[in-house]
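[1] Provided below are the primary sequence and the corresponding predicted coordinates.
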Amino acid sequence: MAVLVITGTNTEVGKTVATAAVAAAALAAGRTVAVLKPAQTGVLPGERGDADEAARLAGAVTTLELARFPEPLAPATAARRAGLAPVRPHEVADAAAKLATEHDLVLVEGAGGLLVRFDDAGGTLADTARRLAAPVLVVAAAGLGTLNSTELTTRELRARDLGCAGLVIGSWPADPGLAARCNLADLPEVTGAPLLGAVPAGSGSLAPAAFRAAAAGWLAPRLHGTWDVAAFTAQQAP
């Protein structure tokens, strides 16, 4: 798995922190890692973007951002409103493929969900994954409503003949409610994809050293971690 595409089921589901955790666990396992952010929106020049934040938390990763647009909108809309050239799926795929010649693992972090548009031609992160023949890791919310959005995302992956690497809950609450605890069993059931981790809420606020020390414990062995899904699910059972 030289390239792993990471998408969310929506915005604000913990995708960047989950990306950082995957990077940190891979680094701890001795792999070289790059984080590619195709389009950063809602961030001004000189401000810290998602790839920068992943590197701050994870450690010695290579970062690459292909485009930056100031307004917090879908990349295609943000590019159009800024009068700037959009990012296109083939450009993202080419950049990821080049990074993969120099790193053991390249993490391509999308913007929002799988079908958020990069350009006015309708290019998406899904198109990039297809060009790369890369699996897609889906970062999902923990609580009520996540079953629908996560199942829709994985259905779209199957419809496009794209592989789903699995699911990671991007922000697992310290005091999970009934819906979140039930979702641990229901998410794999409705999606047909394995649950590969649960990142504790607030992890992005940890000091980098503490984040790196803990990251492997949030992720399953498939992502270079030590997290045991069966034990975690049993512990959280309603």
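    Right, received. Where do you want to start?

[2] what ranges do the strands span in this structure?
    Taking DSSP state E as the criterion, the chain carries its strands at 3-8, 33-41, 62-69, 105-113, 136-140, 164-172, 195-200.

[3] Quick check: which of those is buried the most?
    The highest average neighbour count among these, using mean count of other CB atoms under 10 Å, belongs to strand 136-140 at a mean of 29. Heads up, the C-betas are built off the backbone N, CA and C, glycines and all.

[4] For that one, give me every contacting residue.
    Here strand 136-140 makes contact (CB atoms under 8 Å, 6 or more residues apart in numbering) with 4-9, 13-15, 18, 22, 114, 126, 129, 146, 149-150, 153-154, 157, 162-170, 187, 191, 193, 196, 223.

[5] The closest residue in space to residue 219 that isn't next to it in sequence: what's it in contact with?
    Distances taken as CB to CB, 6 or more residues apart in numbering place residue 225 nearest to residue 219, at 3.0 Å, with adjacent residues excluded. By CB under 8 Å, 6+ apart, the contact list for residue 225 reads 25, 197, 215, 216, 217, 218, 219.

[6] measure the closest residue to residue 53 other than its chain neighbours to residue 81 for me?
    Of all residues not flanking residue 53 in the chain, residue 16 sits nearest, at 5.6 Å (CB to CB, 6+ apart). Distance of residue 16 to residue 81, given as CB to CB, to the nearest Å: 23 Å.

[7] now swap in residue 10 and tell me
    For residue 10 relative to residue 81 (CB to CB), the value is 22 Å.

[8] which residues does the residue nearest to residue 201 when sequence neighbours are not counted contact?
    Of all residues not flanking residue 201 in the chain, residue 171 sits nearest, at 4.4 Å (CB to CB, 6+ apart). Shown in contact with residue 171 (CB under 8 Å, 6+ apart): 13, 14, 17, 141, 142, 199, 200, 201, 202.

[9] Drop anything exposed from those residues.
    13, 14, 17, 141, 142, 199, 200, 201 (16 or more other CB atoms under 10 Å).

[10] quick one: contacts for the nearest residue to residue 124 once chain neighbours are set aside?
    Among residues not flanking residue 124 along the chain, residue 115 sits closest, at 5.0 Å (CB to CB, 6+ apart). Neighbour list for residue 115: 124, 125, 126, 156 [criterion: CB under 8 Å, 6+ apart].

[11] mind running it again at 10 Å?
    7, 74, 122, 124, 125, 126, 127, 152, 153, 156, 160 (CB atoms under 10 Å, 6 or more residues apart in numbering).

[12] before we move on, what about residue 227?
    Residue 227 touches 25, 168, 195-199, 215-221, counting by CB under 10 Å, 6+ apart.

[13] Just put these in JSON lines and tack on distance to residue 108.
    Listed next are the contacts of residue 227 as JSON lines, based on distance: CB to CB, whole Å:
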{"residue": "25", "distance to residue 108": "17"}
{"residue": "168", "distance to residue 108": "15"}
{"residue": "195", "distance to residue 108": "21"}
{"residue": "196", "distance to residue 108": "17"}
{"residue": "197", "distance to residue 108": "18"}
{"residue": "198", "distance to residue 108": "22"}
{"residue": "199", "distance to residue 108": "18"}
{"residue": "215", "distance to residue 108": "19"}
{"residue": "216", "distance to residue 108": "21"}
{"residue": "217", "distance to residue 108": "24"}
{"residue": "218", "distance to residue 108": "20"}
{"residue": "219", "distance to residue 108": "18"}
{"residue": "220", "distance to residue 108": "20"}
{"residue": "221", "distance to residue 108": "22"}
